[in-house]
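**Student:** Sequence and predicted structure below; questions after.
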Amino acid sequence: MKNKRSKYIVVLVVSCVFFFSICANLVTVIVYGNITLNNTTEFSATVKNVLVRGSGDNESIIIVTEEYGDKLNVFQPYNFAEKEVFLSIEEGEKITFRIEDSWLESFEEQPFINIVQLRTETSEIFSLVNYANYTESEFNYSVAGAKLICIAFFGIVVFCVYKLYKTSRYYKKRTQPDWCKF
């Protein structure tokens with residue numbers, strides 16, 4: 001019986017840790033997940049080259065600039081504009097782009113940064129609204145999945161507490177019939 005209780009205690013502690021960490025992460029994602037002008041920062045750069053990296057669903061556009069090298073990345077770019085539009089950006093052309101503020105602290109250390117808006121001097125390649133609309137559906141699926149995982153871990157926590165209560169001395173004393181108290 002002691003071994004069974006210790007297993008429930010271990011499962012309870014692990015489930016509590018996962019439950020609270022996923023809930024904290026979920027709150028952070030909900031609070032900071034939506035991309036707006038308030039949580040993005042605008043930069044300017046001069047284009048050296050535009051590259052296509054990867055293929056299929058993993059394809060991305062890399063914009064090589066004089067100021068930031070090959071850090072600027074547009075993941076799944078064809079949800080925002082045609083390939084030719086990205087490749088039509090010429091060498092020496094000035095671009096303006098936005099990145100999420102969460103990337104600002106580690107901007108120098110990161111090998112690539114996802115941009116959420118891109119404009120040239122003459123046209124807008126994709127807007128912040130386009131990017132936000134596309135990522136909103138992905139965001140909603142992630143939040144729904146995290147909520148289900150939280151509910152599952154909460155269920156495990158409740159189950160373990162119930163089992164620990166059922167195997168406790170207090171429960172056994174309370175449910176013991178009067179004739180057994182001699």
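**Tutor:** Looks like it came in fine.

**Student:** going forward, measure contacts between C-alpha atoms and count neighbours the same way
**Tutor:** Will do.

**Student:** Could you pull out the buried residues of the top helix by length along the chain?
**Tutor:** Taking DSSP state H as the criterion, the chain has its longest helix at helix 128-166. Buried residues in helix 128-166, defined by neighbour count with 16 or more other C-alpha atoms under 10 Å: 128, 131-132, 139, 143, 146, 149-150, 153-154, 156-157, 160, 164.

**Student:** just curious, which of those residues is nearest to L51?
**Tutor:** Nearest to L51 among these, counting by C-alpha to C-alpha, is Y131 at 20.1 Å.

**Student:** and the closest residue to the closest one other than its chain neighbours, how far is that from I156?
**Tutor:** Once flanking residues are discounted, Y131 sits nearest to V116: 5.9 Å by C-alpha to C-alpha, 6 or more residues apart in numbering. Distance, V116 to I156, using C-alpha to C-alpha, to the nearest Å: 39 Å.

**Student:** before we move on, what about N133?
**Tutor:** 35 Å.

**Student:** residue boundaries of the strands in the protein?
**Tutor:** 40-53, 60-65, 69-75, 94-100, 113-120, 124-126 (DSSP state E).

**Student:** Contact partners for the residue sitting nearest the centre point of the chain?
**Tutor:** Residue closest to the average C-alpha location in the chain (C-alpha atoms, centre = their mean): V29, at 6.5 Å. Residues in contact with V29 (C-alpha atoms under 8 Å, 6 or more residues apart in numbering) are V143.

**Student:** Kindly report the same for N73.
**Tutor:** S60, I61, I62, I63, F112, I113, N114, I115.

**Student:** Most neighbours among those residues, which one?
**Tutor:** Within those, I63 tops the neighbour count with 25 neighbours, counted by other C-alpha atoms under 10 Å.

**Student:** The closest residue to that one other than its chain neighbours and I95, how far apart?
**Tutor:** Distances taken as C-alpha to C-alpha, 6+ apart put V50 closest to I63, at 4.6 Å, once the chain neighbours are dropped. Plainly put, V50 is 12 Å away from I95 if you go by C-alpha to C-alpha.

**Student:** same check, this time on F80
**Tutor:** 16 Å.

**Student:** who's more crowded, those two?
**Tutor:** When neighbours are counted by other C-alpha under 10 Å, F80 and I95 differ, and I95 comes out ahead with 21 against 16.

**Student:** Tell me if I'm right that L128 and E100 touch.
**Tutor:** No - with contact defined as C-alpha atoms under 8 Å, L128 does not count as touching E100 (10.7 Å).

**Student:** Overlap of the contact sets of the two?
**Tutor:** I35, V116.

**Student:** between the buried residues of helix 128-166, which is closest to F75?
**Tutor:** The shortest gap between F75 and any of those belongs to Y131, at 10.7 Å (C-alpha to C-alpha).

**Student:** That closest one reaches F80, doesn't it?
**Tutor:** Yes - if you go by C-alpha under 8 Å, Y131 and F80 touch, sitting 7.1 Å apart.
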